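Q: What shape does this take:
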Amino acid sequence: MTKVGGIVIIFIVLAFLFFLNWYVYQGVKTLLPVSWLTKGKIVYWLISGGISLWIGLAFFRIMQEGRISTTSQQTLNLFIIVTVTQLTIIVFLFGEDIFRGLSATWSYFSAGLSSDTAGVYPGRRKFISQLAFAAAVIPFTGFVYGVFKGKYDFRTIRKTIYFSDLPEAFDGFTITQLSDIHAGSFTDMEAVKKGAELAASHNSDLFVFTGDLVNHKADEIEPMMEAFSKIRAPFGQYSILGNHDYGDYSSWPSPEAKRANFERLKQQHKILGYDLLLDENRVLEKDGQQIRLLGVENWGVGFQSRGDLEKSLAGVADGEFKILLSHDPSHWDEQVKKHPKNIHLTLSGHTHGMQFGIETPLFRWSPAQYRYPNWAGLAEEAGKYLYVNRGFGFHAFSGRVGIWPEITVIELRRGKRGAV
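A: Model (predicted):
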């Protein structure tokens, strides 16, 4: 991005933050004693202005460097925590402003133009400001937890899927799936080790990794090689590439340097013990019966689509049971579920569930749903299934709130089609 473009971005960010700070201050000043108004105003604007300037400069650096460093990632955390907290306060203050406006309008028409009080806005109520700041403690606490603890709160999610045409020998076959490790984001190696050990402890028949091993560069995974290389399964360990694995989001001194990094990344998969599938398929055989495991390079709407589904299906008969590894779930929506060959199960990742949301048995919401029809969990259409893993790691926002890091364990069962 040009320097002019970076300046425009920083101006927009600062203007947005100034608006939030100004609106929140309308509530702050109702809580301050009269004797503290002047001092409180100075302190408030020094602190909020300093934070805003720091955030604005961090955005400028990100735009100039073309990547998110550890320092800028921490600043993004601060930006998100501050913004969500302030927006919570503003919801209450804005609601009160609507009420004040309606009250002023009512007094205007009921009292008449001759009245001195006609159209006069009632003052802000201290109780509403107190309520706003008390409510803001909830998202503030949640995001602080997400930054320091939530991003390492690994959860195992189990799903059982029934297929009427699953070969009998594979009835009860288990698959452990990891996705989106994003190794360059981690700082707590001990927590990562525990997460990898949890994945290994399930002792599944098959292990798969569905892309985004790193953020930018192949060497990011090196401190964690030992931990992830201990994940083993009787039917093997298989992997694919995600959009971050190609090095497209980093500046390189030359095209050759970028290609060398990519070749090194592929070698890292081999060292980890993962069979990297590049538009290929493998036969998994058990008791004389077999299923096919397919893997494609990254294919996604809005991203470079390198994957070739037809190539991965080479030599695969229509009637064979097929499992596809494809990083981006939009591939399933656009191609896989429409394909004339029945691909029974697709395993994806990519979305991270936007690392923020609400998931309960009765209600699910995440900003990811405005971008991806299938952003987490299991989906089915015409007997074809998609499972979207919420991701092991994190990127950009260095935290998780409500959408926790996931280790998936899927059990395949033979029977009437369905899932539990």
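Q: Show me the helices in this structure, by range?
A: 3-31, 37-65, 70-111, 126-148, 189-201, 225-229, 255-272, 309-312, 330-334 (DSSP state H).
Q: Compare these and give me the one nearest residue 289.
A: Nearest to residue 289, of all those, is helix 309-312, at 21.1 Å by CB to CB. For glycine as for every other residue, the C-beta is placed from the backbone atoms N, C-alpha and C.
Q: what bits of the stretch 101-250 of the chain have low per-residue confidence?
A: For the stretch 101-250 of the chain, residues meeting the criterion pLDDT under 70 lie at 108, 111-122.
Q: at 80 what do you get?
A: For the stretch 101-250 of the chain, the stretches flagged by pLDDT under 80 are 103-123.
Q: ok, now the stretch 301-420 of the chain?
A: 417-420.
Q: 90 instead?
A: For the stretch 301-420 of the chain, the stretches with pLDDT under 90 are 302-305, 361, 382, 396-397, 416-420.
Q: picking that back up, can you add mean neighbour count and distance to residue 368 and give the helices of the chain back as JSON lines?
A: Shown next, in JSON lines, are the helices of the chain (neighbours: other CB atoms under 10 Å; distance: least, CB to CB, whole Å):
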{"stretch": "helix 3-31", "mean neighbour count": "15", "distance to residue 368": "22"}
{"stretch": "helix 37-65", "mean neighbour count": "15", "distance to residue 368": "21"}
{"stretch": "helix 70-111", "mean neighbour count": "16", "distance to residue 368": "15"}
{"stretch": "helix 126-148", "mean neighbour count": "16", "distance to residue 368": "15"}
{"stretch": "helix 189-201", "mean neighbour count": "17", "distance to residue 368": "21"}
{"stretch": "helix 225-229", "mean neighbour count": "17", "distance to residue 368": "25"}
{"stretch": "helix 255-272", "mean neighbour count": "15", "distance to residue 368": "26"}
{"stretch": "helix 309-312", "mean neighbour count": "17", "distance to residue 368": "24"}
{"stretch": "helix 330-334", "mean neighbour count": "21", "distance to residue 368": "12"}
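Q: Nearest to residue 296, out of these?
A: helix 309-312 (5.0 Å).
Q: which helices and strands does that closest one pack with?
A: Contacts defined by 3 or more CB pairs under 8 Å, 6 or more residues apart in numbering; DSSP states H and E place helix 309-312 against strand 280-286.
Q: Only alpha carbons, please: show the strand it packs on as PDB.
A: C-alpha atoms of strand 280-286 as PDB (Å, rounded to 0.1, in the frame of the first residue of the first chain):
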ATOM      1  CA  GLU A 280      -4.200 -36.200  -5.000                       C
ATOM      2  CA  ASN A 281      -6.000 -39.200  -3.400                       C
ATOM      3  CA  ARG A 282      -5.000 -42.100  -1.300                       C
ATOM      4  CA  VAL A 283      -6.500 -45.500  -0.800                       C
ATOM      5  CA  LEU A 284      -7.200 -46.500   2.800                       C
ATOM      6  CA  GLU A 285      -7.700 -50.200   3.100                       C
ATOM      7  CA  LYS A 286      -9.100 -52.300   5.900                       C
END
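Q: Switch the helices of the chain over to CSV; also include distance to residue 406.
A: Listed next are those as CSV, based on distance: least, CB to CB, whole Å:
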stretch, distance to residue 406
helix 3-31, 32
helix 37-65, 27
helix 70-111, 21
helix 126-148, 15
helix 189-201, 10
helix 225-229, 15
helix 255-272, 19
helix 309-312, 25
helix 330-334, 18
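Q: Indicate which one of these is closest to residue 400.
A: That would be helix 126-148 among the helices of the chain, by CB to CB, at 5.1 Å.
Q: for the closest one, packing partners?
A: Packed against helix 126-148 by the contact rule (3+ CB pairs under 8 Å, 6+ apart) you find helix 3-31, helix 70-111.
Q: That one versus helix 3-31: what angle between them?
A: 130 degrees (axes from the mean of the first three to the mean of the last three CA atoms, to 10 degrees).
Q: Quick check: can you list the domain ranges of the protein?
A: 3-148, 154-419 (automatic domain parsing).
Q: and the end-to-end length of the longest one?
A: For domain 154-419, the first and last residues are 23 Å from each other (CA to CA, to the nearest Å).
Q: Give me the distance between that domain and the centre of its chain.
A: On the basis of CA atoms, centre = their mean, to the nearest Å, domain 154-419 sits 14 Å off its chain's mean C-alpha point.
Q: And stretch 146-158, what's buried?
A: Taking 16 or more other CB atoms under 10 Å as the neighbour-count basis, stretch 146-158 is seen to contain the buried residues 146, 147, 150, 151, 152, 154, 157.
Q: ok, residues contacting it?
A: The contact list for stretch 146-158, computed with CB atoms under 8 Å, 6 or more residues apart in numbering, reads 77, 81, 188, 191-192, 194-195, 198, 202, 355-356, 377, 390, 392-394, 398-402, 404-411.
Q: per-residue pLDDT, residue 41?
A: If you check residue 41, the pLDDT there is 90.
Q: swap in the one 3 residues further on?
A: For residue 44, the model assigns a pLDDT of 92.
Q: With residue 269 instead?
A: Predicted confidence (pLDDT) for residue 269: 98.
Q: That one against residue 278, yeah?
A: No. Using CB atoms under 8 Å as the test, residue 269 is too far from residue 278 to be in contact (10.1 Å).
Q: related to what we said a few turns ago, want to try TSV for the helices and strands packed on helix 126-148, with distance to residue 361 as columns?
A: Formatted as TSV, those follow (distance: least, CB to CB, whole Å):
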stretch	distance to residue 361
helix 3-31	34
helix 70-111	25
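Q: And those: which comes nearest residue 244?
A: The nearest among those, by CB to CB, is helix 70-111 at 14.3 Å.
Q: Just want the angle from that closest one to helix 126-148.
A: Using the same axes, to 10 degrees: helix 70-111 against helix 126-148 is 160 degrees.
Q: and helix 70-111, what does it pack onto?
A: Against helix 70-111 (3+ CB pairs under 8 Å, 6+ apart) you get helix 3-31, helix 37-65, helix 126-148.
Q: just how off-centre is that helix within its chain?
A: Put simply, helix 70-111 sits 26 Å off its chain's centre (CA atoms, centre = their mean).
Q: picking up where we left off before, indicate which one of the helices and strands packed on helix 70-111 is closest to residue 314.
A: Nearest to residue 314, of those and by CB to CB, is helix 37-65 at 41.0 Å.
Q: Now do the strands in the stretch 151-300 of the chain.
A: Remark: strands assigned in the stretch 151-300 of the chain by DSSP state E, counting those that start in this stretch are 155-163, 173-178, 206-210, 237-240, 275-276, 280-286, 289-295.
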